[in-house]
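Q: can you look at this prediction? I've put the sequence above it.
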Amino acid sequence: MKKEPILKVKDLGVSFSQYTKGLRRRDLKVITNLDVELYEGEILAVVGSSGSGKSLLAHAILGILPDNSTTEGSITYKNKELTQKDKEKLRGDEIVLIPQSVNYLDPLMQVSKQVKISIKDKTNADKIQRKIFNKYGLDKNVDKYYPFQLSGGMARKVLLSTALVSDTKVIIADEPTPGLDEKSLNEALQNFRDIADNGCAVLMITHDIEAALKIADKIAIFYAGTTLEIANVKDFENGGENLRHPYTKALYKALPQNGFKPIKGNQPLPNELPKGCLFCDRCEEASDSCKMIRPDSKEVRNGMVRCLYAT
C-alpha cells in the first residue's frame with residue numbers, strides 16, 4: 001500500500017496585483033503549477049535559484065502571503081484541503097517555520113524565554129527548554145543570552161529549538177545553513193536528519209544542492225515558479241545519469257566537483273515567461289514543440305518531471 005503524504009501541494013499558482021503607469025492594475029503570476037509532497041520521516045529539499053518560488057511556497061503553506069496575492073491550486077494536510085483559517089491554526093503548532101533570518105528572534109527578550117513561549121506544558125517549561133538546549137550543546141549560560149550575544153550557529157539552534165518544543169509534524173526550514181562554517185553546517189544538517197528520523201516531515205529550502213544531497217531523501221528542482229523535477233537523492237549518483245530533466249542535469253554538472261560547466265542565459269522573469277517549456281531558451285535539447293507546449297508533470301522512473309522528452 002502506497003504511503004500517503006502528510007502535506008501535498010498540487011498545481012499551486014500565486015499571483016500579485018500591481019499597479020502600472022496610469023494606475024492600471026495587472027496580475028503578475030510568479031508561481032505556476034507548482035507541486036510537492038511531504039512524507040513523515042523524510043526530508044524534501046527544494047533547490048533553485050533566487051526568484052524560483054522557494055520561499056513563496058513556504059509562505060503559501062503557512063498562509064502568510066501579502067494581501068495583494070491570489071492563490072490557485074490546493075494545499076492538503078492529512079488529506080484535508082487547508083483554508084486560510086486552517087493554516088492560521090496549524091502554523092507555529094503542527095506546521096512550523098524555521099526562518100531564513102535570525103532577525104526573527106526578539107532582540108529584547110532572553111532566548112530561553114522565547115523558546116518557552118512555544119511550550120504548551122507551562123508547568124514543565126523550564127525543564128523542556130533546558131533539555132532541548134542540552135541536546136544542541138547550548139549550556140546554561142545561553143539561557144540568559146539575548147540574540148545579539150549569539151553566534152550564527154547558536155542562533156540557528158535556538159530557532160530550531162523553538163520549532164521542536166511544539167507538537168510539530170511538519171518543519172519548513174528556509175535557507176537554514178548560509179554563513180555556517182563546515183563543522184556547524186554538518187551539525188545543522190545532522191539535526192534535520194535526526195528530526196526526520198524521529199518521524200517529522202521536513203521541507204528544506206536551499207540554494208545549496210551539495211548540502212541537500214548530504215541529508216535529503218528527495219530533491220525538488222524549482223525554476224521560474226514551477227517544479228521541473230522531483231528526484232530521489234540516489235538519482236544523482238553515477239554522474240547524475242538517472243536524472244530526468246535537462247535543467248537538473250545542468251545544475252549537477254555546474255558543481256565544482258562535476259566539471260563546473262555553466263549554461264547560457266538566465267532564468268526568465270515572471271513577466272517574460274515563454275509560452276512553452278520555461279527552460280526551453282536555455283536547453284540544448286529543445287525542439288520547436290518545446291517552444292509551444294508547456295509540459296504537464298508526469299511520473300518517470302519513480303520521480304516527477306516536466307519535460308516532453310523525459311523517459
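A: Sure, I can see it.
Q: so which residues of this structure form strands?
A: 7-20, 24-38, 43-47, 69-77, 80-81, 95-98, 170-174, 201-206, 218-223, 226-232, 298-300, 303-305 (DSSP state E).
Q: what about Val158, distance to Leu105?
A: Here Val158 is placed at a distance of 7 Å from Leu105 (CB to CB, to the nearest Å). Bear in mind the C-beta positions are built from the backbone N, C-alpha and C, glycine included.
Q: and Val165, by the same measure?
A: For Val165, the distance to Leu105 equals 15 Å [CB to CB].
Q: Gly63: neighbour count?
A: Number of residues near Gly63 (other CB atoms under 10 Å) recorded here: 19.
Q: same question for Ile119.
A: 18.
Q: what bits of the stretch 1-150 of the chain have low per-residue confidence?
A: Low-confidence segments of the stretch 1-150 of the chain (pLDDT under 70): 1.
Q: can you list the strands of the chain in TSV and add mean neighbour count and distance to Asp139?
A: Converted to TSV, the strands of the chain look like this (neighbours: other CB atoms under 10 Å; distance: least, CB to CB, whole Å):
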stretch	mean neighbour count	distance to Asp139
strand 7-20	17	35
strand 24-38	17	34
strand 43-47	25	28
strand 69-77	16	37
strand 80-81	10	42
strand 95-98	24	22
strand 170-174	24	24
strand 201-206	24	26
strand 218-223	25	36
strand 226-232	24	39
strand 298-300	13	49
strand 303-305	22	44
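Q: right, so of those, which gets closest to Thr311?
A: Minimum separation from Thr311 across these (CB to CB) falls at strand 298-300, 6.5 Å.
Q: mind giving me the packing neighbours of the closest one?
A: Helices and strands touching strand 298-300, by 3 or more CB pairs under 8 Å, 6 or more residues apart in numbering; DSSP states H and E: there are none.
Q: which residues in the protein form helices?
A: For the chain, the helices defined by DSSP state H cover 54-62, 84-90, 111-116, 125-135, 152-164, 182-197, 209-215, 246-253, 288-292.
Q: can those go into a markdown table with extra columns for distance to Tyr77?
A: Formatted as a markdown table, those follow (distance: least, CB to CB, whole Å):
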| stretch | distance to Tyr77 |
| --- | --- |
| helix 54-62 | 9 |
| helix 84-90 | 7 |
| helix 111-116 | 25 |
| helix 125-135 | 25 |
| helix 152-164 | 17 |
| helix 182-197 | 17 |
| helix 209-215 | 23 |
| helix 246-253 | 28 |
| helix 288-292 | 35 |
